[in-house]
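K.L.:
sequence and predicted structure, then a few things I'm wondering about:
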2 protein chains.
Amino acid sequence: MNVRTLCLSILHDGDATGYEIRRLSVEGECSYFVEASFGSIYPALARLESEGLVSSRLEQQDGKPTKKVYSITAAGRDAFVQELSAPLGEEMFRSPFLLFARFAHLLPQELVAARADEFLKARQERKRILEDAQKTTGMNASDAWVLNYGRAIMDVAEEYFRTHMDDLIKLGRAEPKKDAAE
Amino acid sequence: MNVRTLCLSILHDGDATGYEIRRLSVEGECSYFVEASFGSIYPALARLESEGLVSSRLEQQDGKPTKKVYSITAAGRDAFVQELSAPLGEEMFRSPFLLFARFAHLLPQELVAARADEFLKARQERKRILEDAQKTTGMNASDAWVLNYGRAIMDVAEEYFRTHMDDLIKLGRAEPKKDAAE
DNA sequence: GGCAGGCTATGTCGGACCGATATATGTCGG
DNA sequence: CCGACATATATCGGTCCGACATAGCCTGCC
């Protein structure tokens, strides 16, 4: 599941610029399971265009820079369905915080508490994005299913973390380098 | 949170070869939130050794190729704690299956059903690995906390998916290319 | 007025990382 | 006896991220 497929999936639902694709992938309804950076989106779009899977047109705007709007072609739609029919890649989950948490006993308690708080806030922000997306209209049944699945898990993840984070913080080292302050 | 830090985290708990680090990162208790391939582990270990953060010794075995066992040094432990004290990277979750699911209405129902089944099996396998890890002895409180957090979420994810996957499958296109079979 | 900062917008580049492959050794089953 | 599998190390091409470069326009502030 590469960036090319991600671009095709967004263009399948409507025209967009590279910038908009990036924003959708980071802040949109699917930001919790697909994401891509400019460094891969722009080259991917250029290659897709050279292969005839998307087309582009320049569009002037007043008060904003000229943008390059991409549209998916018939060949692009075919390639997209083809891609979805191929074997799927593995699910991937990376959490620097959980690696950090595994070594809480090596670290000062205040640091563990601060990181835990950041983590909770980040989780709540993600949840909020999903809730906002759920309010938008023009969503098909598949999108709704995926969104509901995501929300169900995020709700539990947040709830569980909120009620157990104190146990984690208690594992942190109390009063580290006390002498330095005296 | 790079591969170097992952290697240090494993070596912090005991000596290991590159091969063992890979196996732990893919099948171990933390495989659900950290993972790395040979292509990044071996170069990372070589660089860590050149920087004096780990040391290595060759160990002959009968019935198996000679292995290169790495140990963390005092400088390595310091660097590891330093790394954990630095700002953490973002959590990342990638799911080719959920992208697939968003377009279930474009795809034949049998394909959706097959992928959903694969997905459920993969989830159950992950859960099994975590349950096995929980049974092992010699686990500290931090490890136990992380493991409990992971299990809580995985249990819900599996349960929710199992009870809702039929709704997803129903969104698939019924009887595609029927004429070809007649 | 001017100018710093922020948003929109496109793009490049170095480095990190994955996945496949190469290589070697030994076991085990058919 | 040979292919399949497991252990073990290592490299390489290609993909992708994160930081940076560039540029126009808008807003707020002193």
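P.N.:
Perfect, thanks for sending it.

K.L.:
the closest residue to residue A:38 other than its chain neighbours - how many residues pack around it?
P.N.:
Using Cβ to Cβ, 6 or more residues apart in numbering or on different chains and skipping the chain neighbours, the partner closest in space to residue A:38 is residue A:22 (5.8 Å). Backbone N, C-alpha and C define where each C-beta goes, glycine included. Using other Cβ atoms under 10 Å in any protein chain shown, residue A:22 is surrounded by 20 other residues.

K.L.:
which residues are contacting the host helix or strand of residue A:22?
P.N.:
Residue A:22 is located in helix A:18-27, with elements delineated by DSSP states H and E. For helix A:18-27, contacts defined as Cβ atoms under 8 Å, 6 or more residues apart in numbering or on different chains pick out A:6-7, A:10-11, A:16, A:30-31, A:34-38, A:41-42, A:45, A:67-68, A:70, A:129.

K.L.:
ok, now with 6 Å
P.N.:
By Cβ atoms under 6 Å, 6 or more residues apart in numbering or on different chains, the residues outside helix A:18-27 that reach it are A:7, A:10, A:34-36, A:38, A:41-42, A:45.

K.L.:
again, but for stretch A:104-123
P.N.:
By Cβ under 6 Å, 6+ apart, stretch A:104-123 touches A:97, A:158, A:165, A:168-169, A:171-174, A:176, B:81, B:142.

K.L.:
what does stretch A:92-99 give?
P.N.:
Outside stretch A:92-99, the residues that reach it (Cβ under 6 Å, 6+ apart) are A:119, B:1, B:32-34, B:88-89, B:91-94, B:146.

K.L.:
rerun that using 8 Å as the cut-off
P.N.:
With contact meaning Cβ under 8 Å, 6+ apart, stretch A:92-99 is reached by A:115, A:119, B:1, B:5-6, B:9, B:30, B:32-35, B:84, B:88-95, B:146, B:149-150.

K.L.:
buried ones only from those residues, please, as a ChimeraX command.
P.N.:
This is how ChimeraX selects the buried members of these, with burial counted by 16 or more other Cβ atoms under 10 Å in any protein chain shown:
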select /A:115,119 /B:1,5,6,9,30,32,33,34,35,84,88,91,93,94,95,146,149,150
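
K.L.:
looking at chain A, which residue is nearest DNA strand D?
P.N.:
Nearest residue of chain A to DNA strand D: residue A:39, at 1.7 Å (Cβ to the nearest atom of the strand).

K.L.:
quick check: buried residues in the helix or strand encompassing that residue?
P.N.:
Using DSSP H and E, the element containing residue A:39 is helix A:38-50. Using 16+ other Cβ under 10 Å as the test for burial, helix A:38-50 gives A:41-42, A:44-45, A:48-49.

K.L.:
coming back round to it: quick check, the helix holding residue A:22 touching DNA strand D?
P.N.:
No - counting by Cβ under 7 Å from any atom of the strand, DNA strand D has no neighbours in helix A:18-27; the shortest distance is 8.2 Å.

K.L.:
output that helix as CSV, nothing but the C-alphas.
P.N.:
Provided in CSV are the C-alpha atoms of helix A:18-27 (Å, rounded to 0.1, in the frame of the first residue of the first chain):
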residue,chain,number,x,y,z
GLY,A,18,-0.8,17.7,-3.7
TYR,A,19,-1.2,20.1,-0.8
GLU,A,20,-4.8,19.1,-0.2
ILE,A,21,-3.9,15.4,-0.4
ARG,A,22,-1.3,16.0,2.2
ARG,A,23,-3.8,17.8,4.5
LEU,A,24,-6.4,15.1,4.0
SER,A,25,-3.9,12.4,4.8
VAL,A,26,-2.7,14.1,8.0
GLU,A,27,-5.9,15.8,9.3
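
K.L.:
and the angle from that helix to helix A:38-50?
P.N.:
Helix A:18-27 runs at 130 degrees relative to helix A:38-50, counting by axes from the mean of the first three to the mean of the last three Cα atoms, to 10 degrees.

K.L.:
who touches the residue nearest the centre of chain A in this structure?
P.N.:
The centroid of chain A falls nearest to residue A:31 when counting by Cα atoms, centre = their mean (2.9 Å). By Cβ under 8 Å, 6+ apart, the contact set of residue A:31 is A:24-25, A:126, A:129.

K.L.:
same list (those residues) but as JSON lines, adding pLDDT, neighbour count and distance to residue B:103.
P.N.:
Converted to JSON lines, the contacts of residue A:31 look like this (pLDDT from 0 to 100; neighbours: other Cβ atoms under 10 Å in any protein chain shown; distance: Cβ to Cβ, whole Å):
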{"residue": "A:24", "pLDDT": "91", "neighbour count": "20", "distance to residue B:103": "15"}
{"residue": "A:25", "pLDDT": "91", "neighbour count": "20", "distance to residue B:103": "16"}
{"residue": "A:126", "pLDDT": "89", "neighbour count": "18", "distance to residue B:103": "23"}
{"residue": "A:129", "pLDDT": "87", "neighbour count": "18", "distance to residue B:103": "21"}
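
K.L.:
many thanks, I have nothing further to ask.
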